[in-house]
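**Student:** fold the following.
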Amino acid sequence: MTSLIKFDVPLPGGGVPLVLGLGVFDGVHLGHRKIISELCDMAVRRHAVPAAVTFHPHPRQVLCPDDPPRLLLPMEERRRLLRDAGAKLVGVIEFDQKFAAMEPLDFLERLRSAPEFHLAGICVGSRWRFGHFGAGDKTVIAAFAEANGIGFSPCEELVIAGETVSSSAIRRAVSAGKLDHARELLARPVRLFGTVGQGNGIAGKMLKAPTANLEVSCGVLPPDGVYAGGVRLGNLLHPAAVNIGLAPTFGGISRRVEVHVLHFDGDLYGAGIVLELYSFIRPERKFASPEALMERIREDMRLVEEDFSRNGPREVSSCTAAG
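**Tutor:** Predicted coordinates:
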């Protein structure tokens, strides 16, 4: 029988006991971190190793291909954050139509009978659904766990300011421009992941403020406008002015994410970067002339510096760049 879970590191032999935390975990937000905390507590009680297990691609990408979610994190960053939250192992289950059609008890039995580990416990969010047509829930897991001597803990959802913390809530907050609220749910700044592509060169030549055209692979875009942010390049964090929109002063027709990294004059073309968004500065608008825009850009950069000194994160941990 082929292994259902692909772990990020080889498992030691002898059927190591594992407690599995199951979920998509896109965002690894405070609600997910609560599940991982309970996972680790259960692992101590069961003398087992805590392992977070996620799914790729996102189930909705397979089940609702016409309306897939915009992912908050690339997989490598998801793995890193799950480990930071306390998981000693991170595994991935390939989600395809065949897996989606699996009956809930068949899925649980595959986990219980896995030859490479001993299933000591399961931890999930209390409203998590799985299996064919979402027929599996905490009641199904509880009965299976009791019948097989397996620990089980359904973790209640985390509520902040009357709202359940979820990846969907974070996507809605960012899309509405509520960066502070999204940051509260994530416990870290909103981030965009991507690769620097070829720009039109106008900002560098005419405005004396060269920008990197970020081709976003993961993350949700806020409304058009100018934002204060930060760019992680290696282990250094640089303040950045971010323009999201059409660049109407120059007749732009496609939405772009243009990033001017302050105090940096290197070539970023082709580089994978992580962009953090801290606050909204102003709406995007069409200026009467490039000179008027240049004057406004100088003020934008001053505001970015001020915001960065207040809101830029103090620690700089490594982040995966491109998704």
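**Student:** what about the stretch 151-300 of the chain, any weak spots by pLDDT?
**Tutor:** Along the stretch 151-300 of the chain, segments meeting pLDDT under 70 span 199-209, 249-253.
**Student:** ok, 80 please
**Tutor:** The model of the stretch 151-300 of the chain has pLDDT under 80 over residues 198-209, 234-235, 247-253, 288-290.
**Student:** run through the strands of it in chain order.
**Tutor:** Secondary structure of the stretch 151-300 of the chain, counting by DSSP state E, counting those that start in this stretch: strands at 151-155, 159-160, 163-164, 190-197, 212-218, 225-233, 236-245, 256-261, 272-282.
**Student:** and the last one, what does it pack onto?
**Tutor:** It refers to strand 272-282. helix 179-186, strand 190-197, strand 212-218, strand 225-233, strand 236-245, strand 256-261, helix 290-311 (3 or more Cβ pairs under 8 Å, 6 or more residues apart in numbering; DSSP states H and E). All C-beta atoms are positioned from the backbone trio N, CA, C, and that covers glycine.
**Student:** how many degrees apart are it and strand 256-261 in direction?
**Tutor:** 100 degrees (axes from the mean of the first three to the mean of the last three Cα atoms, to 10 degrees).
**Student:** show me what strand 272-282 pairs with in its sheet, parallel or antiparallel.
**Tutor:** Strand 272-282 pairs in its sheet with strand 190-197 (antiparallel), strand 225-233 (antiparallel), by DSSP bridges.
**Student:** ok, back up a step: would TSV of the strands of the stretch 151-300 of the chain with distance to residue 102 and mean neighbour count be doable?
**Tutor:** Below are these laid out as TSV (distance: least, Cβ to Cβ, whole Å; neighbours: other Cβ atoms under 10 Å):
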stretch	distance to residue 102	mean neighbour count
strand 151-155	19	19
strand 159-160	31	12
strand 163-164	27	14
strand 190-197	31	22
strand 212-218	27	20
strand 225-233	39	23
strand 236-245	41	21
strand 256-261	39	22
strand 272-282	35	21
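**Student:** now render those as CSV, adding distance to residue 8.
**Tutor:** Conversion of the strands of the stretch 151-300 of the chain to CSV gives the following (distance: least, Cβ to Cβ, whole Å):
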stretch, distance to residue 8
strand 151-155, 22
strand 159-160, 30
strand 163-164, 29
strand 190-197, 19
strand 212-218, 18
strand 225-233, 22
strand 236-245, 26
strand 256-261, 30
strand 272-282, 20
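**Student:** tell me which of those sits nearest to residue 42.
**Tutor:** strand 151-155 (5.4 Å; Cβ to Cβ).
**Student:** what residues does that closest one touch?
**Tutor:** 19, 34-35, 38-39, 42, 45-46, 120-126, 128, 138, 141-142, 145-146 (Cβ atoms under 8 Å, 6 or more residues apart in numbering).
**Student:** same question, stretch 228-242
**Tutor:** By Cβ under 8 Å, 6+ apart, stretch 228-242 touches 189, 209, 226-227, 257-264, 268, 271, 273-279, 281, 297, 300-301, 303-305, 307-308, 311-313, 316, 318-319, 321.
**Student:** report the distance from it to the chain centre.
**Tutor:** 18 Å (Cα atoms, centre = their mean, to the nearest Å).
**Student:** between the two ends of it, how far is it?
**Tutor:** From the first residue to the last, stretch 228-242 extends over 6 Å; the measure is Cα to Cα, to the nearest Å.
**Student:** equivalent analysis for stretch 231-240, please.
**Tutor:** So stretch 231-240: terminal residues 6 Å apart, Cα to Cα.
**Student:** give me the pLDDT for the closest residue to residue 108 other than its chain neighbours.
**Tutor:** Leaving aside its sequence neighbours, residue 108 sits nearest to residue 144 (Cβ to Cβ, 6 or more residues apart in numbering; 4.8 Å). The predicted structure scores residue 144 at 98 on the pLDDT scale.
**Student:** which of the helices or strands spans residue 144?
**Tutor:** helix 138-148 (DSSP states H and E).
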